[in-house]
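Engineer: test case, fold it:
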Amino acid sequence: MSMTEPGGGLDVMDRELEKLLEDEAIEPGDHERFSHYVKKDKILESAISGKPVRALCGKKWIPGRDPEKFPVCPDCKKIYERMKAE
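Structural biologist: Now for the predicted structure:
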């Protein structure tokens, strides 16, 4: 193999692993019915990059709806309340 032939290498493996992890972790389900608690900086990062966010309850998805229109996820709320108490 010459140096100019595409051989893959670590960059390709890193991109493939990142893609697999993102695809696998985006979960269907109640994120459509609830608004979830997510760190503000992660929401901004997702808006810029298009990458999914992870809520306090563990749900992973790409935000795109107005959270004000949905009730708060009960699991996120419990976790948030515990965090505030500490």
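Engineer: what about the helices in the chain?
Structural biologist: Using DSSP state H, the helices of the chain run over 9-25, 40-49, 74-85.
Engineer: which elements pack onto the second one?
Structural biologist: Translated: helix 40-49. When contacts are defined as 3 or more Cβ pairs under 8 Å, 6 or more residues apart in numbering; DSSP states H and E, helix 40-49 sits against strand 53-54. Placement of C-beta: from N, CA and C, glycine included.
Engineer: in space, what's closest to Lys69 - neighbours in sequence excluded?
Structural biologist: Leaving aside its sequence neighbours, Lys69 sits nearest to Ser35 (Cβ to Cβ, 6 or more residues apart in numbering; 7.8 Å).
Engineer: er, Arg33 actually
Structural biologist: Arg33 sits nearest to Phe70 (Cβ to Cβ, 6+ apart), 6.5 Å away.
Engineer: in this structure, where is pLDDT below threshold?
Structural biologist: 1-32 (pLDDT under 70).
Engineer: and the residue nearest to Arg33, how close does it get to His36?
Structural biologist: Distance, Phe70 to His36, by Cβ to Cβ, to the nearest Å: 9 Å.
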